[in-house]
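# show me how the following folds:
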Amino acid sequence: MDDDLRAIERHYDKLAANWTEITRGSTKEQILFPAVDSLLPDVSGKRVLDAGCGDGHYAATLAERGGDVLGIDASAEMVRVARERYGDKAEFRRADLTDSLSSIEDNTMDIVLCQHVISHLPSLETPLSEFARVLRPGGSLVVSTHHPFHDFLIVRDREYPNTTEALEMDLEPHVVPAHEGDPQYHETERFEIHWGGPDSDNPGTYFRRPLSALLEPLLSAGFSLSELVEPEPTEAFCESYPALADELEHRPSRAVCLHAVR
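Numbers count the residues shown, from 1 in each chain. Here you go, the predicted structure:
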C-alpha cells in the first residue's frame, strides 16, 4: 500500500467517531442522498454490497429496507464503529478497493453501492472490474463521486464552496494541489483538502479526473451506463437555505451519480 492510501485510511480512522455528524447535514440529506436513492433499485430480498460503507449508517438503512447487506471499508476504525452501531442489521468487513475483493465470490451480489469513494483512488480499473465480477448478470452498480467539473474548479481556483450554513459547522476547507500552476483537465491529478483550515493535521487526499477517465473504466469493465444524475438542491433545501441554493445553482454540481448495469 502506498503512502497516499495509508494517509486516506488514517484520515478516516480519525473521523470515524464523528462521521454521522459530518455526513448527515442538509447538503447530503436534501441534495446527495435523494439523487442516490433515485438510482437505487428496490433492495428488498437483494444481496447488497456497500463498498466504502463508512460508519455503516447507509448500509443499515438499506438493511431496514429489506436488503441483505455487506458493508466494506478500508478504515479499520470505520468498520469497528459500523459493527458497534449497526452490527445487528448488516455485516461489516475491512477491505481495500484497490485490491481484489477475494473474500466475495463471483456473481453473488445483486446491487453494489459505492458512495464518494472513488475520488480517493488513483486508478479505477481494479475496483470497477471487481464490482463487475461480484455482481450477478443484470446486477446494478450505483456510484456517487465528486463531479469532475467541480473538482477541476476548486483545484484551479483554490477555493471550495462555503456550505457552513447547511452543515451547521465550519469545516474551513483549504484546497492544496499537488503541483503549482493550473491543473490539466485531461489528466488525473492528486490534491488535498485540509478540513479545518490550512493548519489541519488530517487532510483528505483526493484524485481529480476528467469525465472520460470516470466513464471509460466503467464501460471497459463490462457495464452499460443507464443513467447519470447531477444532484441539485431539492425544494426542501431551497426553502431552508435559499441564498446557498442560489449559489449552488450557479456552480457545477458537487457530485455526479451513476447507475450502470452489468
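# need the residues that contact stretch 223-234.
Applying Cβ atoms under 8 Å, 6 or more residues apart in numbering, the contact partners of stretch 223-234 are 30-32, 34-35, 38-39, 128, 132, 141, 147, 215, 218-219, 241, 245, 248-249, 252-262. (C-beta placed from N, C-alpha, C; glycine too.)
# is V176 in a helix, a strand, or coil?
Reducing the assignment at V176 to three states with DSSP: H, G, I helix; E, B strand; the rest coil gives strand.
# so it makes contact with E192?
Yes: counting by Cβ atoms under 8 Å, E192 is a contact partner of V176 at 4.5 Å.
# more neighbours, those two?
E192 (18 against 14; other Cβ atoms under 10 Å).
# distance of S75 relative to D96?
10 Å (Cβ to Cβ, to the nearest Å).
# looking at these two, which is more packed in?
More neighbours surround S75 than the other of S75 and D96, with 24 against 16 (other Cβ under 10 Å).
# what strand or helix carries the nearest residue to that one once chain neighbours are set aside?
Among residues not flanking S75 along the chain, Y12 sits closest, at 3.9 Å (Cβ to Cβ, 6 or more residues apart in numbering). Element membership of Y12 [criterion: DSSP states H and E] is helix 3-15.
# remind me which residues of the stretch 1-150 of the chain are low pLDDT?
Across the stretch 1-150 of the chain, the ranges flagged by pLDDT under 70 are 1-5, 11, 13-23.
# which residues in it form strands?
Per DSSP state E, counting those that start in this stretch, the stretch 1-150 of the chain carries strands over the ranges 47-51, 68-73, 91-94, 109-115, 135-146.
# just put the ones you listed in JSON lines and tack on mean neighbour count and distance to T205.
JSON lines is the format used below for these (neighbours: other Cβ atoms under 10 Å; distance: least, Cβ to Cβ, whole Å):
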{"stretch": "strand 47-51", "mean neighbour count": "25", "distance to T205": "18"}
{"stretch": "strand 68-73", "mean neighbour count": "25", "distance to T205": "16"}
{"stretch": "strand 91-94", "mean neighbour count": "18", "distance to T205": "19"}
{"stretch": "strand 109-115", "mean neighbour count": "24", "distance to T205": "17"}
{"stretch": "strand 135-146", "mean neighbour count": "20", "distance to T205": "12"}
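# any chance of those strands in TSV, plus distance to S102?
Output for the strands of the stretch 1-150 of the chain, formatted as TSV (distance: least, Cβ to Cβ, whole Å):
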stretch	distance to S102
strand 47-51	14
strand 68-73	12
strand 91-94	11
strand 109-115	14
strand 135-146	16
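# list the contacts for the residue most central in space within the chain?
Most central in the chain under Cα atoms, centre = their mean is H116, positioned 0.7 Å from the mean C-alpha point. With contact set as Cβ under 8 Å, 6+ apart, H116 has these partners: G52, S144, T145, H146, A255.
# and the helices in this structure?
Under the criterion DSSP state H, the chain contains helices at 3-15, 19-23, 26-27, 33-39, 57-64, 76-86, 125-134, 148-157, 164-167, 211-220, 235-240, 242-249.
# between these, which gets nearest to E180?
When the helices of the chain are compared by Cβ to Cβ, helix 148-157 sits nearest E180, at 11.7 Å.
# burial count for the residue nearest to S75?
Neighbour count for Y12, taken as other Cβ under 10 Å: 21.
# C53 versus that one, what's the distance?
Taken as Cβ to Cβ, the spacing of Y12 relative to C53 amounts to 11 Å.
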